[in-house]
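# Predicted model and sequence below, questions to follow.
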There are 2 protein chains.
Amino acid sequence: MAHRTLGTLAAAGLLVIAAGAGADDLQQRAAKQFKPIPQYPPVIDGNEMTDDKITLGKMLFFEPRLSASHLISCNTCHNVGMGGHDYLPVAIGHGWQKGPRNSPTVYNAVFNAAQFWDGRAADLAEQAKGPVQAGVEMSSTPQRVEDTLSSMPEYVERFRRAFPGEENPVSFDHMATAIEAFEATLITPDAPFDRYLRGDTGALDDQEQRGLALFMDKGCVSCHSGINLGGQNYYPFGLVARPDGKILPSGDKGRFAVTETESDEYVFRAAPLRNIALTAPYFHSGAVWDLEEAVAVMGTAQLGAELGEEEVTDITAFLHTLTGDVPSITYPELPPSTDATPRPDPSAPTP
Amino acid sequence: MAHRTLGTLAAAGLLVIAAGAGADDLQQRAAKQFKPIPQYPPVIDGNEMTDDKITLGKMLFFEPRLSASHLISCNTCHNVGMGGHDYLPVAIGHGWQKGPRNSPTVYNAVFNAAQFWDGRAADLAEQAKGPVQAGVEMSSTPQRVEDTLSSMPEYVERFRRAFPGEENPVSFDHMATAIEAFEATLITPDAPFDRYLRGDTGALDDQEQRGLALFMDKGCVSCHSGINLGGQNYYPFGLVARPDGKILPSGDKGRFAVTETESDEYVFRAAPLRNIALTAPYFHSGAVWDLEEAVAVMGTAQLGAELGEEEVTDITAFLHTLTGDVPSITYPELPPSTDATPRPDPSAPTP
């Protein structure tokens, strides 16, 4: 059976080689720069992925009572039904405050080397603790989260099962590791580009293959490579030419705020490009809605190459092949608030 | 097989009759006042329930781009994972404004005679149009909704399939009827009380049966009867004694705002009590978090009966038997915003 499948794949490959000369060279070059999304979630060091933990993590991901107002959950800004984000330039959070940056997608985030636009969290567990506490996002505290979760017997029992043998199963840290376990399952395999990387050269049409070639030849790949086509390293935005102030506002100095090193001014983590067709608007500022415009901006700002109209169209066509299959997610049933649950506190901060 | 089942049910019934005398009389009295939730969604006059329409309605129910801000969906306040509501005293909406009343649960709402606390919408389709346009909720307009949905090719195709043969399939009215079709599926059968009403007298324990007897004997049933134990008719809140101003704020005159008839001052639709254990806080004001307290308030305000502590506990135990099985809901995959999609407008109204 395995032999037969291999034979069929080889035959399909030969057909494509016959149809489009050079396709195989391109495929081989691409396979050295990029990796397909795996079919199954990755293993996370120090966070064993049990069913109990993933189920709990899913409940917490959808749990608005992790926020002070009881209105905002992880899913509010990282909406699993909307490409894992919110289709907003910048997030709207507690008290209707505008967040400072565009919400990154949660899909395939587990494959990023670090989290947030400035990489200030090493992993998804650390990331999860940020928005819960941020005044402009969920505006809660570790103590309030622990009091909230401890007030609902079903959560206490579920934390016990997810963290067996622990003295204090219901903790802010465990909240974060459970959310990480769930988020690690939010991967989108089987994009046309994944099938292409695995050897099905027919998965990309001629235009998409031209776009892929341009993506590598023009230098996009220098920052956007690997499994997520980005998300692995830090680069100055405006390397060659500074984009306009709407796209790169002078008030947000990126990684400089993390490292306080002058050379990190306007340095950001290269955006991961997986499912990029589903994650408008673009850039940390969320200032650009059109993917072709975003590609052109990148050409000028990062490559110093004014890309021709056709080149932009071809690269954009290639980027559309990065849209994978989202997992099927059953809405979790959350336990009822009890008398002991801290009351919702929607009081907005004084401006 | 059917015979055997009947035999088993009868045997179980006999055991209960032996254990608690009079249980069968109680069951027969109850079966005259209440009806079980059916296993399948009801038929809605003039709104054929096709799979295409229900699927579209589910997408729209979860669609935050029906709101001006692109942040608030039906599910924000009628959260299907949280008993169909938001565990908040009053809703939080556009611009972080507080809504005027407690969000009613969407579960089994299809069985209510009319929608909203004051019954101002005749059915779920009419209801759905309200929050989408309300300035304190989603703050959109029919035109904006139609422009938004028309801007996404997948929605256009799905409206076409859900409303075949219609000249303008993408319309605000069709949005509402599709949402109604989905919401009609949000029913919660198989509560212990449903099994009891169907003849399984063992489904309620002794205390719950005492509570049911009190519920009927004390007069609760006068307003809270039928399939939803309420939701069918209008009654003055404070019929016998006016509850305190926190519970019944003088600024909200209930149905008076709809009919402008003096006798409708402080008149509200009797709250449906299905899944009441999952829908704190209680009353249109959302002022009471504890179900026992709510029961005691009702006794004083509506029945003129100071219920004893044990009576309150028994009635509350009975109310817990109204929690049914929620349907399994797969999170819908929503189409990406396009260049033609009206941009999110989170600008809050000037206070």
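Noted; the coordinates are in hand. Values in this document were obtained by computation on a predicted structure and should not be read as measured data.

# mind checking how far the closest residue to A:Thr300 other than its chain neighbours is from A:Ile247?
Spatial nearest neighbour of A:Thr300, excluding adjacent residues (CB to CB, 6 or more residues apart in numbering or on different chains): A:Ala241 at 5.5 Å. For every residue, glycine as well, the C-beta is placed using N, CA and C. Going from A:Ala241 to A:Ile247 by CB to CB, to the nearest Å gives 11 Å.

# In terms of neighbours, single out the busier of these two.
Comparing A:Ala241 with A:Ile247 by neighbour count (other CB atoms under 10 Å in any protein chain shown), the higher total belongs to A:Ile247, at 20 against 12.

# Near chain B, which residues of the stretch 51-200 of chain A are found?
Residues of the stretch 51-200 of chain A lying close to chain B by CB under 8 Å from any CB of the partner chain are A:62, A:64-65, A:69-71, A:76, A:79-83, A:86-89, A:92, A:95-96, A:98.

# Can you select the buried ones among those for me in ChimeraX?
The buried subset of these, as determined by 16 or more other CB atoms under 10 Å in any protein chain shown, is captured in ChimeraX by this line:
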select /A:62,64,65,69,70,71,76,79,80,81,82,83,86,87,88,89,92,95,96
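
# out of everything not next to it in sequence, what's closest to the residue in chain A that chain B sits nearest to?
At 3.7 Å from chain B, A:Trp96 is the closest residue in chain A, using CB to the nearest CB. Leaving aside its sequence neighbours, A:Trp96 sits nearest to B:Trp96 (CB to CB, 6+ apart; 3.7 Å).

# Please verify my assumption that the one you found contacts A:Ala348.
Yes. In this structure B:Trp96 lies within contact range of A:Ala348 using CB atoms under 8 Å: 5.7 Å.

# who touches both of these two?
Taking CB atoms under 8 Å, 6 or more residues apart in numbering or on different chains as the criterion, B:Trp96 and A:Ala348 both touch A:95-96.

# What ranges does the stretch 201-350 of chain A have for its helices?
Taking DSSP state H, counting those that start in this stretch as the criterion, the stretch 201-350 of chain A carries its helices at A:206-217, A:256-259, A:291-298, A:309-319.

# Which of those has the lowest mean pLDDT?
Across these, helix A:256-259 has the smallest mean pLDDT, namely a mean of 84.

# Would you mind writing the CA trace of that one as CSV?
Coordinates of each C-alpha in helix A:256-259 appear next as CSV, following Å, rounded to 0.1, in the frame of the first residue of the first chain:
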residue,chain,number,x,y,z
PHE,A,256,13.6,48.8,21.6
ALA,A,257,11.0,48.7,24.4
VAL,A,258,12.1,45.2,25.3
THR,A,259,15.8,45.4,25.0
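
# which residues are in contact with that helix?
A:118-120, A:262, A:264-267.

# In space, what's closest to A:His320 - neighbours in sequence excluded?
Nearest one to A:His320, counting by CB to CB, 6+ apart, is A:Ala277 at 4.9 Å.

# before we move on, what about A:Ala305?
A:Gly299 (4.9 Å).

# Likewise for A:Val90?
A:Gly99 is the one closest to A:Val90 (CB to CB, 6+ apart), at 4.8 Å.

# Same check on A:Lys246?
Nearest to A:Lys246 is A:Ala287, by CB to CB, 6+ apart, at 4.8 Å.

# Read off the pLDDT value for the one you found.
For A:Ala287, pLDDT reads 94.

# what about the closest residue to A:Pro243 other than its chain neighbours, neighbour count?
Excluding its sequence neighbours, the residue lying closest to A:Pro243 (CB to CB, 6+ apart) is A:Ala301, at 4.7 Å. Per other CB under 10 Å, the neighbour tally for A:Ala301 reads 20.

# So A:Ala301 is in contact with A:Val240, correct?
Yes. Using CB under 8 Å, A:Ala301 makes contact with A:Val240 at a distance of 6.3 Å.

# still on that earlier bit, now that we have the contacts of helix A:256-259, which of them are buried?
Buried, going by 16+ other CB under 10 Å: A:118-120, A:264, A:266-267, out of the contacts of helix A:256-259.

# Can you add distance to B:Glu311 and pLDDT and give those back as JSON lines?
JSON lines is the format used below for these (distance: CB to CB, whole Å; pLDDT from 0 to 100):
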{"residue": "A:Asp118", "distance to B:Glu311": "60", "pLDDT": "84"}
{"residue": "A:Gly119", "distance to B:Glu311": "61", "pLDDT": "84"}
{"residue": "A:Arg120", "distance to B:Glu311": "57", "pLDDT": "83"}
{"residue": "A:Asp264", "distance to B:Glu311": "68", "pLDDT": "85"}
{"residue": "A:Tyr266", "distance to B:Glu311": "69", "pLDDT": "87"}
{"residue": "A:Val267", "distance to B:Glu311": "68", "pLDDT": "85"}
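
# quick check, nearest of those to B:Lys35?
A:Arg120 (56.9 Å; CB to CB).

# pretty sure the closest one contacts A:Ala114?
Yes. Judged on CB under 8 Å, A:Arg120 makes contact with A:Ala114 at a distance of 7.5 Å.

# tell me the contacts of A:Tyr87?
Taking CB under 8 Å, 6+ apart, we find A:Tyr87 in contact with A:280-281, B:65, B:70, B:336-337, B:344.

# how about 7 Å then?
A:280, B:65, B:70, B:337 (CB atoms under 7 Å, 6 or more residues apart in numbering or on different chains).
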